[in-house]
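# okay, sequence plus prediction incoming.
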Amino acid sequence: MTDVWTTGAVLVGFALMPITGWLRLDPLVAALVAANILWARYGLLRESIGGLMDKVADPGQLRR
């Protein structure tokens with residue numbers, strides 16, 4: 001899903017840049033895209049480490 005948001009943000013940035021003429025829009029969009037990628041990486045890393053460290057599942061799921 002990160003790829004979709006990243007591509008969408010870049011396309012919106014490309015579309016708005018000529019319309020608004022705001023030169024600071026490009027670095028702003030780049031920072032948002034980078035933050036989104038880092039957030040997705042954090043989630044994947046946390047999930048992977050949890051699996052490697054034998055993280056116990058939620059007690060509600062264990063009862064089922």
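Perfect, I can see it now.
# so, low pLDDT: which residues of the protein?
Low-confidence segments of the chain, defined by pLDDT under 70, are located at 57, 61-62, 64.
# go through the helix or strand hosting residue 51 and flag the buried ones.
According to DSSP states H and E, residue 51 maps onto helix 25-52. Applying a neighbour-count criterion of 16 or more other Cβ atoms under 10 Å, the buried positions in helix 25-52 are 25, 29, 33. To be clear about C-beta, it is placed using only N, CA and C from the backbone, and glycine gets the same treatment.
# adding distance to residue 11, write these out as TSV.
Listed next are these as TSV, based on distance: Cβ to Cβ, whole Å:
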residue	distance to residue 11
25	13
29	10
33	11
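# closest to residue 14 among the residues you listed?
Nearest to residue 14, judged by Cβ to Cβ, of the buried residues of helix 25-52 is residue 29 at 8.7 Å.
# ok, the closest one - contacts?
Shown here is residue 29, whose contacts under the criterion Cβ atoms under 8 Å, 6 or more residues apart in numbering are 9-10, 12-13.
# same list, these, but as a markdown table with distance to residue 44 please.
Putting the contacts of residue 29 into a markdown table (distance: Cβ to Cβ, whole Å) gives the following:
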| residue | distance to residue 44 |
| --- | --- |
| 9 | 19 |
| 10 | 21 |
| 12 | 25 |
| 13 | 25 |
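# could you work out the most separated pair of the residues you listed?
Pairwise distances across the contacts of residue 29 (Cβ to Cβ) peak at 7.4 Å, for the pair 10 and 12.
# which one's more surrounded, the two?
The residue with more neighbours, out of residue 10 and residue 12 and counting by other Cβ atoms under 10 Å, is residue 10; that gives 15 against 12.
# name the nearest residue to the most centrally placed residue in the chain, ignoring sequence neighbours.
Of all residues in the chain, the one closest to the mean position by Cα atoms, centre = their mean is residue 36, 2.9 Å from it. In space, not counting the residues next to it along the chain, residue 36 is nearest to residue 5; the distance is 5.5 Å by Cβ to Cβ, 6 or more residues apart in numbering.
# flag every buried residue along the host helix or strand of the one you found.
Counting by DSSP H and E, the secondary-structure element that holds residue 5 is helix 2-20. The neighbour-count criterion (16+ other Cβ under 10 Å) identifies 6, 9, 13 as the buried residues of helix 2-20.
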